[in-house]
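Asks: what follows is a predicted protein model with its sequence.
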Amino acid sequence: MASVGWIVSDSIRLLLILLVGLNNIFQLLTPDKVPPTKKTLHWGNMASCVATFIWFLGAHEPLYFGWQAFLIFGTLSMLIILLTALYISYVLAIAQYAAVNMSKKL
């Protein structure tokens, strides 16, 4: 039997992940023309939210998935966040390179 403290803390974390996931869904479904970079970031955030939700859902006793699933979903969640951060660094490097070359041409 899981303690009440774990159930409360996991419920709060799951609720926050669901809210972030809903925000990502609304961002993806906006009718405005969204740049491909922004759409890629929203899809990465959505994938991370799903992995993190499953990770938190199976972390403790009411729906414990086992230590293998705990490690797989935790690693997957962190890996998606890392790839999103690397993508942001890549886009910033391209923007900085373009800005430097544009100032040389002026």
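Replies: Structure's in. What do you need?
Asks: what about the closest residue to residue 40 other than its chain neighbours, how many residues nearby?
Replies: Among residues not flanking residue 40 along the chain, residue 87 sits closest, at 6.6 Å (C-beta to C-beta, 6 or more residues apart in numbering). C-betas here are computed from N, CA, C, even on glycine. The number of residues packed around residue 87, counting by other C-beta atoms under 10 Å, is 14.
Asks: does residue 87 lie in a helix or a strand, and which?
Replies: Element membership of residue 87, judged by DSSP states H and E, is helix 67-105.
Asks: just the C-alphas of stretch 63-81, formatted as PDB.
Replies: Listed in PDB are the C-alpha atoms of stretch 63-81, where the atom choice follows Å, rounded to 0.1, in the frame of the first residue of the first chain:
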ATOM      1  CA  LEU A  63       0.100   1.600 -10.600                       C
ATOM      2  CA  TYR A  64       3.700   0.500 -10.100                       C
ATOM      3  CA  PHE A  65       5.100  -0.700 -13.500                       C
ATOM      4  CA  GLY A  66       8.400  -2.100 -12.100                       C
ATOM      5  CA  TRP A  67      11.900  -0.700 -12.000                       C
ATOM      6  CA  GLN A  68      12.600  -1.400 -15.700                       C
ATOM      7  CA  ALA A  69       9.700   0.700 -16.900                       C
ATOM      8  CA  PHE A  70      10.700   3.400 -14.400                       C
ATOM      9  CA  LEU A  71      14.200   3.600 -15.800                       C
ATOM     10  CA  ILE A  72      13.000   3.400 -19.500                       C
ATOM     11  CA  PHE A  73      10.400   6.200 -19.200                       C
ATOM     12  CA  GLY A  74      12.600   8.400 -17.000                       C
ATOM     13  CA  THR A  75      15.500   8.100 -19.400                       C
ATOM     14  CA  LEU A  76      13.300   8.700 -22.400                       C
ATOM     15  CA  SER A  77      11.800  11.800 -20.800                       C
ATOM     16  CA  MET A  78      15.200  13.200 -20.000                       C
ATOM     17  CA  LEU A  79      16.500  12.300 -23.500                       C
ATOM     18  CA  ILE A  80      13.700  14.100 -25.200                       C
ATOM     19  CA  ILE A  81      14.300  17.200 -23.100                       C
END
